[in-house]
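S.K.: Predicted model and sequence follow; I will ask about them next.
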Amino acid sequence: MRPNKLREIWQSGGAVVNGWLAIGNSFSAETMAHQGWDSLTIDLQHGVVDYTTMVPMLQAISTTPTVPVVRVPWLEPGILMKTLDAGAYGLICPMVNTKEDAQKLVAWTHYAPRGTRSFGPVRALLYSGADYPQHANDTIVTFAMIETAQALDNLDEIMSVEGLDAIYIGPSDLSLALGCTPTFDDLDPRAAAAVDHILARAKAHGLVAGIHNGSTRKALERIAKGFQFVTVSSDARLMAAGAQQVMAAMRAGNPPPAASGSY
């Protein structure tokens with residue numbers, strides 16, 4: 001079975017640099033994948049992507065060593081299982097608020113006897129190899145998103161669930177839940193303290209901690225704190241930022257550095 005580079009990076013003590021795909025297009029996914037990200041996450045929750053668009057995006061990512069990850073829309077068994085069957089090597093599930101939620105997430109993403117995932121890895125066999133059924137349980141990575149006040153109250157119970165690999169913090173939703181301004185990087189003090197607490201508890205439980213970031217500055221700061229999965233911006237934000245840079249330079253009569261390649 002194809003190894004999961006996320007696990008290899010974590011076992012070596014490193015941090016995964018993850019990109020985010022909100023644009024439902026295989027060419028943009030392929031272009032992002034060729035830029036050297038450790039992993040790319042296709043966003044089915046808030047991105048403009050559906051399942052039938054996701055599959056060619058996964059195929060596009062597979063032209064590179066970049067690990068394909070998907071954030072599913074919700075904690076629901078059908079989409080979790082179909083996304084794994086399509087070849088995702090990591091799943092991020094939003095709004096995991098209780099131990100029972102975490103237990104469902106683990107059960108629905110693992111084959112028996114560890115879980116209740118139904119068998120039908122139609123594309124996963126092509127991506128990972130014929131021995132996928134024997135090794136999927138130990139290869140796929142499952143993230144539970146911690147982003148609500150309820151999840152904070154149940155943090156240790158959630159993190160104690162066997163088979164959960166990692167947690168992922170959504171700073172904006174977490175900030176909203178705590179009555180703070182929703183943002184990625186410069187959090188209000190109460191939200192910032194919650195992030196530090198979640199990271200500390202994840203370390204105590206032996207789980208990888210991941211978080212969404214708006215800038216490389218903050219992502220590097222959080223790696224230094226102990227986060228081992230950092231998302232930096234998104235395809236849509238990076239495209240807009242690049243276009244803004246070009247237009248600002250053109251209006252000022254100061255051209256930006258030339259991009260490599262002929263297109």
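M.R.: Happy to help now that I have it. Note that the structure is predicted; figures quoted are calculated from it, not measured. Numbers count the residues shown, from 1 in each chain.
S.K.: The closest residue to G163 other than its chain neighbours: how many residues sit nearby?
M.R.: Nearest non-adjacent residue to G163, counting by C-beta to C-beta, 6 or more residues apart in numbering: V106, 3.8 Å away. For the C-beta atoms, the positions are set from N, CA and C on the backbone; glycine is no exception. Residues contacting V106 under the criterion other C-beta atoms under 10 Å number 20.
S.K.: mind listing what's buried in the helix or strand harbouring V106?
M.R.: Per DSSP states H and E: V106 is located in helix 99-108. Under the neighbour-count criterion of 16 or more other C-beta atoms under 10 Å, helix 99-108 has 101-108 buried.
S.K.: Against which helices or strands is that helix packed?
M.R.: helix 77-85, strand 141-146, helix 155-159 (3 or more C-beta pairs under 8 Å, 6 or more residues apart in numbering; DSSP states H and E).
S.K.: G210 in helix, strand or coil?
M.R.: Assigned with DSSP: H, G, I helix; E, B strand; the rest coil, G210 falls in the strand class.
S.K.: Quick check: bridge partners of it?
M.R.: Y168, F229 (DSSP bridges).
S.K.: what residues are up against it?
M.R.: G210 makes contacts with 16, 18, 92, 143, 166-169, 227-231, as judged by C-beta atoms under 8 Å, 6 or more residues apart in numbering.
S.K.: what does H110 give?
M.R.: 116-117, 136-137, 140, 163.
S.K.: now the residues you listed: which count as buried?
M.R.: Those of those that meet the buried threshold are 117, 136-137, 140, by 16+ other C-beta under 10 Å.
S.K.: which stretches of this structure form strands?
M.R.: Assigned by DSSP state E, the strands in the chain fall at 16-21, 39-43, 67-71, 90-93, 141-146, 166-169, 208-213, 229-232.
S.K.: what about V246, how many neighbours?
M.R.: V246 has 13 nearby residues by other C-beta under 10 Å.
S.K.: what do you get for A86?
M.R.: 21.
S.K.: Also E162?
M.R.: Applying other C-beta under 10 Å, I find that E162 has 8 neighbouring residues.
S.K.: swap in F119?
M.R.: F119: 10 neighbours (other C-beta under 10 Å).
S.K.: Return the set of buried residues in stretch 227-247.
M.R.: For stretch 227-247, using 16+ other C-beta under 10 Å, the buried residues are 227-236, 239.
S.K.: hang on, isn't I79 packed against M54?
M.R.: No. The pair I79 and M54 fails to qualify as a contact (C-beta atoms under 8 Å) at a distance of 10.1 Å.
S.K.: Settle it for me: which of these two has more neighbours?
M.R.: Between I79 and M54, M54 has the larger neighbour count (other C-beta under 10 Å), namely 26 against 18.
S.K.: Which residues are in contact with the residue lying closest to the more buried one once chain neighbours are set aside?
M.R.: Distances taken as C-beta to C-beta, 6+ apart put I42 closest to M54, at 5.4 Å, once the chain neighbours are dropped. When contacts are counted by C-beta under 8 Å, 6+ apart, I42 touches 21, 29, 49, 54, 57-58, 68-71, 88.
S.K.: Next: K82.
M.R.: Y51.
S.K.: Could you check how far it is from L91?
M.R.: 11 Å (C-beta to C-beta, to the nearest Å).
S.K.: and the spatially closest residue to K5 that is not a sequence neighbour, bridged to which residues?
M.R.: Among residues not flanking K5 along the chain, V67 sits closest, at 5.1 Å (C-beta to C-beta, 6+ apart). Applying DSSP bridges to V67 gives these bridge partners: S39.
S.K.: which residues does V67 contact?
M.R.: 4-6, 16, 38-40, 89-90 are the contacts of V67 under C-beta under 8 Å, 6+ apart.
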